[in-house]
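Colleague: Provided below are the primary sequence and the corresponding predicted coordinates.
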Amino acid sequence: MTPDPAHRSEVSADVRARRGGRRPYGLRGVLQESRLDPGFAAEIATIPGGDRLRECIECGACSAVCPLSAYMDHTPRRLMAMTQAGLRDEVLRSTSIWVCASCYACTAVCPKQIPITEVMYALKRMAVREGTFPKRFATPVLAREFVGSVDRWGRNTESRLAASLYLKTHPGLLLKDGWLAQRLMRRGRMSLVRESIRQRAKLGRMLRAAETSPPRAVVSSASPSSSSRPRASAISGEGPR
Amino acid sequence: MRYAYFPGCSLKGSSKAYEESLLAVFDTLGEGLDELDDWNCCGATAYFAIDEAKAYALAARNLALAEDQAGNDAPVDLVAPCAGCYMMLLKAERRLSEQQSIRGRIDGALQAGGLSYRGRARARHPLDVLVNDIGLERIADAVTRPLGGLRVACYYGCLLVRPHATFDDQYSPTSMDRLMRTIGAEPVDWPLKVRCCGGSCCGGPLVGTIREAGLRLIHDLLKEAKSRGADVLATACPLCQFNLECFQERVTREFGEPVELTVGFFTQLLGLALGLDERRLGIHRMLRWRLPELEPAAAGGAP
Ligand code: SF4
Ligand code: SF4
C-alpha cells in the first residue's frame, strides 16, 4: 500500500529536509571520480552473494516493494547503485541503512538475486565500526545496547533495554509512553528482573574467540573496473526512486 | 516425538501469552516441547547489525546445546516461535553448512565454550510443526469448540517466510489459513500477509525519528485487516504481536481513524478451538481481546 498523496508530500518534504546539506552530488549532480572509493564494492562483495551487486540492473523493484523507502534518504535501489559506485561516505552516513527493518522483501523480489538485506546489514556493521552512524538515531543505539546486554548476560531483558533506550535517545518520551509500561506490567508482560544464563563465563570465552578482527577487507588499489563506475541514475541527485 | 524448544527473550517477557498458549496446545495434542537448558539470545537482527561472527556464535551455541540435550545421533528439531529467532537460527544453520570460513571460526568459538555443533540440529517454526508434522487431520480430530466462522486475518509478517521459504510460499503463504479453516475459523482474503510490521529492527514506534514510519506501517496493516471484515488478526511472531497491539490508540489518534482490532497469537485461537481455558492461553494478558461469542466447549472432547 502506498502512502496517500497528502502523506507523500509530507514525507518527501521531511526527507528533503533531512537530506539538506548532505546532497551527495552537489546541485548540478556532478560527481568527481576522485571522490569514489573503488574498494567499497569489493568489501561488500565479501559477504555471500555480495559480488552479485555489480549485476544490479537498477530496475527499482526493491525500492517499490520496500515498505520503508518513503522514509529513507536514499531508496534501496539508489543505495545499491551508490554502493556499487563507491560513494562510501554518503552510503555509510545514510539513514536508509538504519530505517531498513531487515524484512527481506527486497531480497525476495530482486530479479538478480542480490542479497540486498544482507548488504544493508554489512553497511550497518561498517557504519558502526567506523562511527559514521547518526548518533541520536535510536536504531544503532538499540543495537549496541542489545549487544552489551547479551555479551554480559547471554540474554536480553526487554524492559531494561527499552528503558535505557528511552533515556539515551528520547528521555522526553518516557513520560508519554509510561502508561504502556504500566499496562504491560499489570498483565505480567514486563518485569525488570534481569534475564541471564548460567554459563556466562563460557559464553564470554566463546564470544571472545569469535570476535571479529575488523576485516577492512582487501581494498584493492587497482583502478576502478568499468563495472564499478557510477551509473547515470546514481549520479543524478533526484533520479527515479 | 519430542521437540527441543527455544523460547527467546520475548516469550519470557512481553509475549508470555505466546509461550503459555504454545505449551498448552502442544500438551493437548500430545507433543512434547522441552525447553532448551541455558539457552542464550539467538543473535538476531540487533546483534547481527553489529557483529556477524559473534551473532553466528550465539546462534550456534543454541544449536549445539540442542544436540547435546537430545543426546543421540538423530536429527533434532529446535522449535523457535519467534520469527526473528527462527530466521536467525535457520540462517546460522545454513551459513555454517555452506561457508567453510565462517564454519571454522564458529567451531573454534564453540570449542572455547566446551561445545560442538555437528549439523544435526535444525530450526523449525511451530506453525510448520503443527501443520506439517502433527498435521491438520489430527488437529481437526482434537477440536472441541470450532471457532464458528470467526473471521481471521492471518498475518505471517516478514521473517517467517523470508528469505528462506522452508515450509511455505514466500509471497503468498497459506499454512496458517489452512490451520484456521481446520479449526472452524474463516480466514479473510487480504493482501498484506507478508508485509513488514516495522517492529523487527527499526525499534519502530517505540522511539526514534522513524516513529512516524512505524506508526504508518501499523496503520496500513490494521486498517486493511479491518476493512476486510476481520474479527481478529492472528500473528506467529512476538514482535509483530506487540507492535500491532500496543500502539493502536496512538495510531488512531495520529491518523484520525479507528484501527482498534484484537491482535492475538495463532496458538491462542488454536487453543480456544481445542477447548482450552482462556487463562491457560494467556488471554488475560492481552491489552485488547474482543471476539464475537463462541460456543462453549463440548464436554469430554470430540464426539
Ligand atoms: S531489485 Fe535488484 S536489480 Fe533491481 S534495482 Fe534492486 S538491487 Fe538492483
Ligand atoms: S529489507 Fe530493508 S531495504 Fe529491504 S525491503 Fe525490507 S526494509 Fe526495505
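Modeller: Looks like it arrived, so ask away. Ligands and ions are numbered 1, 2, ... in the order given.
Colleague: let me see the domain layout of chain A.
Modeller: Using automatic domain parsing, the domain parsing of chain A gives A:5-130, A:138-212.
Colleague: tell me where chain A has helices.
Modeller: Taking DSSP state H, the helices of chain A run over residues A:5-19, A:39-44, A:61-65, A:76-85, A:88-93, A:96-99, A:105-109, A:116-129, A:138-153, A:158-169, A:171-186, A:200-210, A:232-235.
Colleague: what sits against A:Tyr121?
Modeller: A:102, B:48-49, B:52 (CB atoms under 8 Å, 6 or more residues apart in numbering or on different chains). To be clear about C-beta, it is placed using only N, CA and C from the backbone, and glycine gets the same treatment.
Colleague: how about low-confidence regions in chain A?
Modeller: A:1-31, A:135-139, A:163-177, A:212-241 (pLDDT under 70).
Colleague: ok, now how distant is A:Met82 from A:Pro38?
Modeller: 13 Å (CB to CB, to the nearest Å).
Colleague: now B:Asp141. Its backbone dihedrals?
Modeller: According to degrees, to the nearest 10, the main-chain angles of B:Asp141 amount to phi -60, psi -30.
Colleague: could you check the pLDDT of it?
Modeller: Model confidence at B:Asp141, expressed as pLDDT, equals 97.
Colleague: do B:Gly204 as well
Modeller: 44.
Colleague: quick one, which of the helices of chain A gets closest to B:Asp168.
Modeller: helix A:105-109 (12.9 Å; CB to CB).
Colleague: name the residues that touch that closest one?
Modeller: Contacts for helix A:105-109 (CB under 8 Å, 6+ apart): A:61-63, A:65-67, A:76, A:114-118, B:158, B:162-163, B:170-171, B:194-196.
Colleague: can you list the domains of chain A in JSON lines and add distance to ligand 2?
Modeller: What follows is the domains of chain A, written out as JSON lines (distance: least, CB to the nearest ligand atom, whole Å):
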{"stretch": "domain A:5-130", "distance to ligand 2": "3"}
{"stretch": "domain A:138-212", "distance to ligand 2": "12"}
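Colleague: okay, those, which one's buried deepest?
Modeller: For the domains of chain A, ranked by mean neighbour count under the definition mean count of other CB atoms under 10 Å in any protein chain shown, the leader is domain A:5-130 at a mean of 19.
Colleague: report the contact partners of the residue nearest to B:Asp168 when sequence neighbours are not counted.
Modeller: Counting by CB to CB, 6 or more residues apart in numbering or on different chains, B:Asp168 lies nearest to B:Ser175, which is 4.9 Å off, once chain neighbours are set aside. Taking CB under 8 Å, 6+ apart as the criterion, B:Ser175 is in contact with B:127-128, B:131-132, B:167-168.
Colleague: cool, A:Leu68 as well?
Modeller: A:99-101, B:196, B:198, B:202, B:210, B:213, B:217.
Colleague: the residue nearest to B:Asp168 and B:Ala70: what is the separation?
Modeller: 26 Å.
Colleague: cool, B:Glu224 as well?
Modeller: Taking CB to CB, one finds B:Glu224 at 42 Å from B:Ala70.
Colleague: centre of the chain to stretch B:121-138, how far?
Modeller: 12 Å (CA atoms, centre = their mean, to the nearest Å).
Colleague: can I get the contacts of A:Tyr121 in a markdown table with distance to B:Arg103 and secondary structure?
Modeller: Formatted as a markdown table, these follow (distance: CB to CB, whole Å; DSSP: H, G, I helix; E, B strand; the rest coil):
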| residue | distance to B:Arg103 | secondary structure |
| --- | --- | --- |
| A:Ser102 | 23 | coil |
| B:Phe48 | 17 | helix |
| B:Ala49 | 22 | coil |
| B:Glu52 | 13 | helix |
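Colleague: most neighbours, which of those?
Modeller: Ranked by the number of neighbours (other CB atoms under 10 Å in any protein chain shown), those place B:Ala49 first, at 30 neighbours.
Colleague: isn't it right up against A:Arg125?
Modeller: Yes: applying CB atoms under 8 Å, one finds B:Ala49 in contact with A:Arg125, separated by 6.5 Å.
Colleague: list the contacts of the closest residue to A:Ile114 other than its chain neighbours.
Modeller: Spatial nearest neighbour of A:Ile114, chain neighbours left out: A:Arg52 (4.9 Å); criterion: CB to CB, 6+ apart. By CB under 8 Å, 6+ apart, the residues touching A:Arg52 are A:112-115.
Colleague: burial count for whichever residue of chain B sits closest to ligand 1?
Modeller: Closest approach between chain B and ligand 1, counting by CB to the nearest ligand atom: B:Pro163, at 13.5 Å. By the criterion of other CB under 10 Å, B:Pro163 has 20 neighbours.
Colleague: so B:Thr117 touches B:Asp107, yeah?
Modeller: One thing to correct before we go on: residue B:117 is Tyr, not Thr. Yes: if you go by CB under 8 Å, B:Tyr117 and B:Asp107 touch, sitting 7.3 Å apart.
Colleague: tell me if the least confident helix or strand in chain B by mean pLDDT is near ligand 2.
Modeller: In chain B, no helix or strand scores lower on mean pLDDT, DSSP states H and E than helix B:45-48, which sits at a mean of 77. No: for helix B:45-48, no contact with ligand 2 is found by CB under 6 Å from any ligand atom; the gap never falls below 10.5 Å.
Colleague: if you count contacts, what does that helix end up packed against?
Modeller: Helix B:45-48 sits against helix A:138-153, helix B:52-70, helix B:83-98, with contacts defined as 3 or more CB pairs under 8 Å, 6 or more residues apart in numbering or on different chains; DSSP states H and E.
Colleague: repeat that for 6 Å
Modeller: helix A:138-153 (3 or more CB pairs under 6 Å, 6 or more residues apart in numbering or on different chains; DSSP states H and E).
Colleague: what's the angle from the helix it packs on to helix B:52-70?
Modeller: Taking axes from the mean of the first three to the mean of the last three CA atoms, to 10 degrees, one finds helix A:138-153 and helix B:52-70 inclined to each other by 50 degrees.
Colleague: export helix A:138-153 as CSV, just CAs?
Modeller: Provided in CSV are the C-alpha atoms of helix A:138-153 (Å, rounded to 0.1, in the frame of the first residue of the first chain):
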residue,chain,number,x,y,z
ALA,A,138,17.6,5.1,18.0
THR,A,139,18.3,2.0,15.9
PRO,A,140,22.1,1.9,16.2
VAL,A,141,21.9,2.8,19.9
LEU,A,142,19.4,-0.1,20.3
ALA,A,143,21.7,-2.5,18.6
ARG,A,144,24.7,-1.5,20.7
GLU,A,145,22.7,-1.7,24.0
PHE,A,146,21.4,-5.0,22.9
VAL,A,147,24.8,-6.4,22.2
GLY,A,148,26.1,-5.1,25.5
SER,A,149,23.5,-6.9,27.5
VAL,A,150,23.8,-10.1,25.5
ASP,A,151,27.6,-10.2,25.8
ARG,A,152,27.3,-9.8,29.5
TRP,A,153,24.2,-11.8,30.5
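Colleague: related to what we said a few turns ago, measure the residue of chain B closest to ligand 1 to B:Arg279 for me?
Modeller: To B:Arg279, B:Pro163 is 38 Å away according to CB to CB.
Colleague: cheers, nothing more for now.
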